[in-house]
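1. give me coordinates for this.
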Amino acid sequence: LGMDDDDSKVKSLAETIHRKTEGNPFFMLIFLRSLHDEKLLQYNFGVMKWTWDEDAVNSKIVTENVATVLVNKMNRLQEETQRMLMVASCLGA
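-> All right, here's what the predicted structure looks like:
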């Protein structure tokens, strides 16, 4: 899988993700994506393995509100893209 050779480190990451997301598959996916987006979980092509900062992953807060997840994701968009979404939202369906 290209994970770290240390099985206990991988198990620790899996347990942390499960605990923080309460096993909810949707929030697991969102949490993993946010870790990757924030470069807390990265694929190191030099060693062909996934690497992560255990302390940062442990301190990361997980939201249980889908709206909050989407707002946080939108806030990471470029300012121009955010303005475009605001204008588009006024147009309606």
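
2. contacts for the one helix or strand in the chain whose mean pLDDT sits lowest?
-> The weakest-scoring helix or strand in the chain, judged by mean pLDDT, DSSP states H and E, is helix 66-75 (a mean of 78). Residues outside helix 66-75 that contact it (CB atoms under 8 Å, 6 or more residues apart in numbering): 26, 30, 34, 63, 82, 85. (C-beta placed from N, C-alpha, C; glycine too.)

3. which non-adjacent residue is nearest the second one?
-> When you say that, I think you mean Ile30. Leaving out its chain neighbours, the residue that sits closest to Ile30 by CB to CB, 6 or more residues apart in numbering is Val69, at 5.3 Å.

4. quick revisit: distance from the chain centre to the least confident helix or strand of the chain, please.
-> 12 Å (CA atoms, centre = their mean, to the nearest Å).
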